[in-house]
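Student: What follows is a protein structure lacking sequence information:
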C-alpha cells in the first residue's frame, strides 16, 4: 500500500495577499488559480522541487486563517535558504541547531507557521545508525 501526501491546505484570509507571499517571496510555483460559482476560489502552489503542494482559497475551507502550524519544508542548504528568505523580506528566525537537526522558522501573512529543516542533519543521523 502507498499513501502519498500530495496537498496540504493552508487557511488564509486574503487569497491574493497569500498567493503573492508564497510565489513572490518563497518562490512557489503557481500551478492553478480557479474561480468558480458562488465566489469560490482554489489556488494550488508548489514549492520548488517538491512533489507535495499547498492549496489556498476561498469558500471551500472552514479553518481559521493562521491555524496551520508546524508544516515543514526540507532543504539541502539551510543557510542558503535562510539568506534567500531574508533577502525576499520574509521575517525568519535565526538558524537553530538542535540534536535532531538545523531549523529556522517563519510565518505567512496570516500567521500560518512553517519550519525549514536541513536535510544534511538527516543524512548524518542515518549514517550513524548504520
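Tutor: Alright, I've got the coordinates. Owing to the predicted nature of the structure, the values given are computational and were not obtained by experimental measurement.
Student: May I have the strands that pair with the strand or helix carrying residue 72, each with its orientation?
Tutor: Residue 72 is located in strand 69-75, with elements delineated by DSSP states H and E. Sheet pairing of strand 69-75 (DSSP bridges) gives strand 113-118 (parallel).
Student: List of residues touching the partner strand?
Tutor: With contact meaning Cβ atoms under 8 Å, 6 or more residues apart in numbering, strand 113-118 is reached by 68-78, 81-82, 85, 92, 101-108. (Glycine included, C-beta is placed from N, CA and C.)
Student: Name only those of those residues that count as buried.
Tutor: When the contacts of strand 113-118 are checked for burial by 16 or more other Cβ atoms under 10 Å, the buried set is 68, 73, 75, 78, 81-82, 85, 92, 101-108.
Student: ok, those residues vs residue 19, which is closest?
Tutor: residue 108 (10.5 Å; Cβ to Cβ).
Student: correct me, but that closest one touches residue 21?
Tutor: Yes - counting by Cβ atoms under 8 Å, residue 108 does reach residue 21; the two are 5.5 Å apart.
Student: picking up where we left off before, what comes into contact with the strand holding residue 72?
Tutor: Counting by Cβ under 8 Å, 6+ apart, 8, 10, 47, 50, 81, 112-119, 122 sit against strand 69-75.
Student: And the buried ones among the residues you listed, selectable in ChimeraX?
Tutor: Selection of the buried residues among the contacts of strand 69-75 in ChimeraX, burial being defined by 16+ other Cβ under 10 Å:
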select :10,47,81,112,114,115,116,117,118
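Student: Now the element after the strand holding residue 72, going C-ward?
Tutor: helix 78-87.
Student: residue ranges for the strands of the protein, please.
Tutor: Taking DSSP state E as the test, the strands found in the chain are 7-9, 29-36, 40-46, 53-58, 69-75, 96-98, 101-107, 113-118.
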